[in-house]
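Peer 1: Generate coordinates for the sequence data below:
(one chain, ligands or ions: 1)
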Amino acid sequence: MRQTLLREGANELSYEIRGIVKKAEQLQAMGLPIYWENIGDPIQKNNQVPQWMKDIVMALLQDNNTYGYCHSKGVLATREFLAAETNALGGVQITPDDILFFNGLGDAIGKIYQYLRPTARIIGPSPAYSTHSSAEAAHANHHPLTYKLDPDNHWYPDMDDLYQKVKYNPNIVGILIINPDNPTGMVYPPEILRRFVEIAREFSLFLISDEIYLNIHYNGQTPLALAQFIQDVPGIAMRGISKEIPWPGARCGWVEYYNRQVDAQFAQLCNTLDNAKMIEVCATKLPQLALPLIKQDPRYAPYRMAENAKIGRRSKIIADILGGVPAIKFNETFGAFYNTIIFREGTLRPSGQQRMHIAHKGAADLLGQWLQAPNLAPDKAFVYNLLAAKGVCVVPISSFCSDLQGFRVTLLEEDEALLTHIFTSIRAGIEEYIYG
Ligand SMILES: Cc1ncc(COP(=O)(O)O)c(C=O)c1O
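Peer 2: This next block holds a predicted model:
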């Protein structure tokens, strides 16, 4: 090529949540069963969408209007419904004009960072959900900026770490919160959320709150929405239906702008996002049409409560199996459907020095090849062992922009007997690996 094609930020794109799949597929091709614990897709884990929801979607498919474009910001009636829902929380008040639909939150995440100046940085949590951290880093042509989530304090954000980083880096213009969090499964208490607002106000920043798991919580904790605690600070809430309905294949998510009027630059960012969607015409329409019909149906609230109770039960089962393993730091979860498990310092040795027992010769040979990769993080070596030895596919936490060593699991397995089997295998894998 006569010019270099890519800018530096292109190197920042990686998504180990799907990357690990290639390795698992190699084992699957040898006839070995794989337990998929890598991705937050309830449908892949046999969650059945209720028939009444499918009936709503099927009726929409009979309506000719479903097949056209919609308003570039999204279907007006749906935005009216969502604005009323947010306003009913009693915090910041919005109009349908403050809502913009995207083809999934993944699309929204890409666009939000893309139009910021490369030197305008958003600091986000570590361990990080890589769609955010990769997109933000790609826009900045630099590694992600992160604040620590603390495994020794319920995975809550380390607010002193955040404060110091914001104070001494004038490039930081915004803070990302994910609540409930992926990958830790934590729900943040109100005092921590209020502290985010204080820091944003002190340094004239805006807040982004990824709330895709807002209605997925259990075992006694309920997250607050950004609208409820942001007060007069500018911010963007990100919401979607991938996890909640669940309908990830619909590719439907939206953002809500709060307090646009208080800052001209922030207002311009919101306008730019609206314009970016306008040049694409609009986001997927069918799920937008279905959304208010599903959520207003009297069967929806009891359905979501029952689903949350199931996830809460799985959280307890996992805590019973892994909670007492001395080599790891284990925190019980209260929201979303993930848990991040960290190895205590000194338990993992450099890759290649520890091995699980692998009965299958082909799997053992493959593992041998995988472990040859240069500079392999110790938690990746553990994850590869677990995959080859037990067929359990999890994601190493070092690939979530973290210095910690561990792995993320999901709480999605619908069959509790199988869930117990999978997590008992994980425990056996840890014990074999660490204690020989
Ligand atoms: C925190 C978080 N935000 C956004 C997304 C992306 O959601 P969508 O399916 O709407 O693109 C995910 C998906 O796992 C997620 O965990």
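Peer 1: The residue lying closest to Asp158 once chain neighbours are set aside bridge partners, please.
Peer 2: Nearest in space to Asp158, with sequence neighbours left out and distances taken as CB to CB, 6 or more residues apart in numbering, is Lys148 at 4.2 Å. For the C-beta atoms, the positions are set from N, CA and C on the backbone; glycine is no exception. Note on Lys148: beta-bridge partners Ser126, judged by DSSP bridges.
Peer 1: Residue numbers of the stretch 51-200 of the chain in contact with the ligand?
Peer 2: Gly104, Leu105, Gly106, Tyr129, Thr131, Ile178, Asn182 (CB under 6 Å from any ligand atom).
Peer 1: Mind doing that once more with 5 Å?
Peer 2: Gly104, Leu105, Gly106, Tyr129, Ile178, Asn182 (CB under 5 Å from any ligand atom).
Peer 1: quick one: which of these is most hemmed in?
Peer 2: Asn182 (29 neighbours; other CB atoms under 10 Å).
Peer 1: In contact with the closest residue to Ile177 other than its chain neighbours, which residues?
Peer 2: Leaving aside its sequence neighbours, Ile177 sits nearest to Ser209 (CB to CB, 6+ apart; 4.7 Å). Residues counted as contacts of Ser209 (CB atoms under 8 Å, 6 or more residues apart in numbering) are Leu176, Ile177, Ile178, Asn179, Ala225, Leu226, Gly235, Ile236, Ala237, Met238.
Peer 1: secondary structure class for Ser209?
Peer 2: strand (DSSP: H, G, I helix; E, B strand; the rest coil).
Peer 1: show me the contacts for the spatially most central residue of the chain.
Peer 2: Per CA atoms, centre = their mean, the C-alpha nearest to the average position across the chain is that of Asn182, at 4.0 Å. Contacts of Asn182 were listed using CB under 8 Å, 6+ apart, and they are Gly40, Tyr129, Ile212, Tyr213, Ala336, Tyr338.
Peer 1: Then Phe101?
Peer 2: 73-75, 78-79, 252-254, 277, 282-284, 288 are the contacts of Phe101 under CB under 8 Å, 6+ apart.
Peer 1: Next one: Thr424 from Ala417, what distance?
Peer 2: 11 Å (CB to CB, to the nearest Å).
Peer 1: Kindly apply the preceding question to Pro190 instead.
Peer 2: From Pro190 to Ala417 the distance is 38 Å (CB to CB).
Peer 1: In terms of neighbours, single out the busier of the two.
Peer 2: Using other CB under 10 Å as the criterion, Pro190 and Ala417 rank with Pro190 on top: 11 against 8.
Peer 1: tally of neighbours for the residue lying closest to the more buried one once chain neighbours are set aside?
Peer 2: Spatially, and ignoring its direct neighbours in sequence, Pro190 is nearest to Leu224 (5.9 Å; CB to CB, 6+ apart). Residues contacting Leu224 under the criterion other CB under 10 Å number 20.
Peer 1: helix/strand/coil for Leu224?
Peer 2: Assignment for Leu224 (three-state DSSP): coil.
Peer 1: for this structure, what spans make up the helices?
Peer 2: 16-29, 51-61, 76-87, 105-114, 130-140, 159-167, 190-202, 226-229, 264-279, 286-296, 300-322, 361-370, 378-390, 416-435 (DSSP state H).
Peer 1: would JSON lines of the ones you listed with distance to Phe400 and mean pLDDT be doable?
Peer 2: As requested, the helices of the chain are arranged in JSON lines below (distance: least, CB to CB, whole Å; pLDDT from 0 to 100):
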{"stretch": "helix 16-29", "distance to Phe400": "8", "mean pLDDT": "86"}
{"stretch": "helix 51-61", "distance to Phe400": "32", "mean pLDDT": "98"}
{"stretch": "helix 76-87", "distance to Phe400": "29", "mean pLDDT": "98"}
{"stretch": "helix 105-114", "distance to Phe400": "15", "mean pLDDT": "96"}
{"stretch": "helix 130-140", "distance to Phe400": "6", "mean pLDDT": "93"}
{"stretch": "helix 159-167", "distance to Phe400": "17", "mean pLDDT": "98"}
{"stretch": "helix 190-202", "distance to Phe400": "20", "mean pLDDT": "98"}
{"stretch": "helix 226-229", "distance to Phe400": "22", "mean pLDDT": "98"}
{"stretch": "helix 264-279", "distance to Phe400": "26", "mean pLDDT": "96"}
{"stretch": "helix 286-296", "distance to Phe400": "28", "mean pLDDT": "98"}
{"stretch": "helix 300-322", "distance to Phe400": "19", "mean pLDDT": "98"}
{"stretch": "helix 361-370", "distance to Phe400": "19", "mean pLDDT": "94"}
{"stretch": "helix 378-390", "distance to Phe400": "10", "mean pLDDT": "95"}
{"stretch": "helix 416-435", "distance to Phe400": "18", "mean pLDDT": "96"}
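Peer 1: Using CSV, lay out the ones you listed together with distance to Arg121.
Peer 2: Shown next, in CSV, are the helices of the chain (distance: least, CB to CB, whole Å):
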stretch, distance to Arg121
helix 16-29, 23
helix 51-61, 40
helix 76-87, 28
helix 105-114, 9
helix 130-140, 6
helix 159-167, 10
helix 190-202, 14
helix 226-229, 20
helix 264-279, 14
helix 286-296, 32
helix 300-322, 34
helix 361-370, 34
helix 378-390, 27
helix 416-435, 36
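Peer 1: ok, how many other residues are close to Leu6?
Peer 2: Around Leu6 there are 8 residues (other CB under 10 Å).
Peer 1: just Arg79 next, same as before
Peer 2: 24.
Peer 1: which non-adjacent residue is nearest it?
Peer 2: Pro96 (3.6 Å).
Peer 1: Same check on Asp263?
Peer 2: Pro234 (5.0 Å).
Peer 1: Next, the contact list for the one you found, please.
Peer 2: Pro234 neighbours (CB under 8 Å, 6+ apart): Phe206, Leu207, Tyr258, Asn259, Arg260, Val262, Asp263, Phe266.
Peer 1: what's the burial count for the residue of the stretch 151-300 of the chain found nearest the ligand?
Peer 2: At 3.3 Å from the ligand, Ser242 is the closest residue in the stretch 151-300 of the chain, using CB to the nearest ligand atom. For Ser242, the neighbour count with other CB under 10 Å is 23.
Peer 1: next one: phi and psi at it?
Peer 2: phi -60, psi -40 (degrees, to the nearest 10).
Peer 1: That one against Asp107, yeah?
Peer 2: No - at 11.5 Å, Ser242 does not count as touching Asp107 under the criterion of CB atoms under 8 Å.
Peer 1: Can you tell me the closest non-neighbouring residue to the residue of the stretch 151-300 of the chain closest to the ligand?
Peer 2: Pro248 (3.8 Å).
Peer 1: May I have the predicted confidence score for the one you found?
Peer 2: Looking at Pro248, its pLDDT is 96.
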